[in-house]
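In: Just need the structure, nothing else, for what follows:
(one chain, ligands or ions: 1)
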Amino acid sequence: MEKQKLIRKFDKQSAMYEQNTRKRMLGEWRKKLLQGVSGNVLEIAVGAGANFPFYDMDHMRLTAVDFSPMMLQRARRIAEELHIEVDLAESDIETLDFPPDSFDCIVSTLSLCGYDDPAKVLRKMRKWSKPDGRIYLMEHGLGNNPFLKSAQRLVNPVARRMSGCHWNRDIERLVLDSGLRVERMERYWGGMIHLIWARA
Ligand SMILES: C[S@@+](CC[C@H](N)C(=O)[O-])C[C@H]1O[C@@H](n2cnc3c(N)ncnc32)[C@H](O)[C@@H]1O
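Out: A predicted model of the protein is given here:
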């Protein structure tokens, strides 16, 4: 899908993402995932700031990127309400670059579904991370059950067109192939939701 069209699609969904942020949607998993995030932290595809309530800001400095201006506007509002200091940047992660070894931790939640080339983004995370830096992922993708997988593959073109998200990504395979060292992985909702703690 053409990038400007995809950005507009996420812009339109930004009000819903802000509401979900206020409702702390998927909060238990976010809380579990983000314990220990500290130091110089990058969050990619930050959306409306759904992870902000779960950060321990006394021990971190946060940079967050998204290509949707409307999502960023809402993330800025949430950050102000929570008194969180964050450097927000509008950029396409797939073309963005940071110097190697820039961050202690990189966070991505529900973002690998959106990119044209998620493997490339995982390689970027590895590069931007300090040696042995920590990568925190909460991603949705193919479940465990063959029938569920077939259904996900079947509806994928419609899901992509309507929401901008792919529903058919093999997250476990993508992460294992990326060169990141997976330390812990938990899967929920029939294996569709992946919580992954990895090292660069
Ligand atoms: C499903 S939402 C998830 C938002 C947030 N991370 C969360 O956990 O609620 C996907 C987000 O990725 C952003 N996104 C998708 N592709 C992107 C890209 N190539 N560069 C930057 N942001 C992107 C969208 O604008 C949207 O905010």
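In: Residue in the chain with the shortest distance to the ligand?
Out: Nearest residue of the chain to the ligand: Gly47, at 2.5 Å (CB to the nearest ligand atom). Any C-beta I mention is one placed from the backbone N, CA and C, and that applies to glycine too.
In: and that residue, that one's in a strand?
Out: No - under DSSP: H, G, I helix; E, B strand; the rest coil, Gly47 sits outside any strand and is assigned coil.
In: Sheet-wise, list the partners of the lengthiest strand in the chain with their directions.
Out: The residue-count maximum for a strand in the chain (DSSP state E) belongs to strand 129-140. Within its sheet, and counting by DSSP bridges, strand 129-140 is paired with strand 103-109 (parallel), strand 193-199 (antiparallel).
In: just the CA coordinates of it, formatted as CSV?
Out: Extracted in CSV, the C-alpha atoms of strand 129-140 (Å, rounded to 0.1, in the frame of the first residue of the first chain):
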residue,chain,number,x,y,z
SER,A,129,20.7,-1.0,20.1
LYS,A,130,23.8,-0.9,22.2
PRO,A,131,25.7,-4.2,22.3
ASP,A,132,23.6,-6.5,24.5
GLY,A,133,20.9,-3.9,24.6
ARG,A,134,17.3,-5.0,25.3
ILE,A,135,14.4,-5.3,22.9
TYR,A,136,10.9,-5.5,24.2
LEU,A,137,8.2,-6.7,21.7
MET,A,138,4.4,-7.2,22.0
GLU,A,139,3.3,-8.2,18.5
HIS,A,140,0.3,-9.9,17.0
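In: And for it, what's in contact with it?
Out: 26, 29-30, 33-34, 36-37, 101-113, 125-126, 165, 167, 169, 171, 175, 180, 192-200 (CB atoms under 8 Å, 6 or more residues apart in numbering).
In: That strand and the ligand, are they touching?
Out: No - contact of strand 129-140 with the ligand (CB under 6 Å from any ligand atom) is absent, the minimum separation being 7.0 Å.
In: quick one, what contacts the residue of the chain closest to the ligand?
Out: Contacts of Gly47 by CB under 8 Å, 6+ apart are Ser14, Tyr17, Thr21, Asp66, Ser68, Met71, Ala75, Leu110.
In: For Asn51, state which of these is nearest.
Out: Thr21 (8.8 Å; CB to CB).
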